[in-house]
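In: turn this into a model:
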Amino acid sequence: MSEHLKLVDHPLVQHKLTLMRDKDTSTAVFRQLLREISQLLAYEVTRGLKMTTKRIQTPMAQMDAPTLAGKKLALISILRAGNGLLDGVLELIPSARVGFVGLYRDEKTLQPVQYYFKVPEGMEDRVVIAVDPMLATGNSSVAAIDLLKKRGASDIRFLCLLAAPEGIARMKEAHPDVPIVTAAVDERLNEVGYIVPGLGDAGDRMFGTK
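Out: This next block holds a predicted model:
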């Protein structure tokens, strides 16, 4: 396992992912599973956050207790499917600041087209976690990270549910400083850029738009 890629092989993560892959899983159950699995993945992607201490009074005594250091995290959803991961991570880190990068994939060229960008102030001083369920070609993810870096972000982590080898390679080439945390690395992309065996279009399955 390289520093660039962290595969979360926890039994609960793998079990929930299998349920999500099943084509007979309903939209409502798919959404709930995505929320649950995103919290388990968030636990891993936030490992190693900088800590400090603050003086508190417990019912028994004063103590110097550990607490997160620095500015509040920035969670960046790569629209639209990123919102499914975002909801679960926000439950775990409710004080985080939230931003959105709107990209859609041109079905002919498979290249990303930007239509929206709104992120918190002070990106250069925040740990930034970009979320998108699928790392397929990697083109949209690379484009989103490009935009975040232009806004000043330097400590960026990428959280996804599934990754294809092609997407991992593309991200490593473009952004070797951005670690990827994922629940699975699948076989390959098909001829239209979908992950195989994958779980289909995450946005369609989440929002029932197929």
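
In: burial count for residue 141?
Out: 29 (other C-beta atoms under 10 Å). C-beta here means a position set from N, CA and C on the backbone, and glycine is covered the same way.

In: assign it to helix, strand or coil.
Out: Three-state call for residue 141 (DSSP: H, G, I helix; E, B strand; the rest coil): helix.

In: ok, now which ones touch it?
Out: Residues near residue 141 by C-beta atoms under 8 Å, 6 or more residues apart in numbering: 78, 130, 132, 135, 158, 160, 167, 170-171.

In: which one of those residues is nearest to residue 47?
Out: Nearest to residue 47 out of the contacts of residue 141 is residue 158 (C-beta to C-beta; 14.4 Å).

In: quick one, phi psi at the closest one?
Out: Backbone geometry at residue 158, expressed as degrees, to the nearest 10, gives phi -120, psi 130.

In: save the contacts of residue 141 as TSV, and put in neighbour count too.
Out: TSV is the format used below for the contacts of residue 141 (neighbours: other C-beta atoms under 10 Å):
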residue	neighbour count
78	27
130	27
132	27
135	27
158	28
160	28
167	27
170	18
171	24
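
In: among those, which ones are in helices?
Out: 167, 170-171 (DSSP state H).

In: dump those residues into JSON lines; add pLDDT and distance to residue 178 as well.
Out: Shown next, in JSON lines, are the ones in helices among the contacts of residue 141 (pLDDT from 0 to 100; distance: C-beta to C-beta, whole Å):
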{"residue": "167", "pLDDT": "95", "distance to residue 178": "12"}
{"residue": "170", "pLDDT": "96", "distance to residue 178": "12"}
{"residue": "171", "pLDDT": "96", "distance to residue 178": "7"}
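
In: still on that earlier bit, from the contacts of residue 141, pick the one nearest residue 96.
Out: Nearest to residue 96 out of the contacts of residue 141 is residue 130 (C-beta to C-beta; 12.5 Å).

In: which ones are touching that closest one?
Out: Neighbour list for residue 130: 76, 78, 82, 101, 141, 144-145, 148, 156-159 [criterion: C-beta under 8 Å, 6+ apart].

In: how does it look with 7 Å?
Out: 76, 78, 144-145, 148, 156, 158-159 (C-beta atoms under 7 Å, 6 or more residues apart in numbering).

In: do the same with residue 182
Out: 7-8, 135, 160-163.
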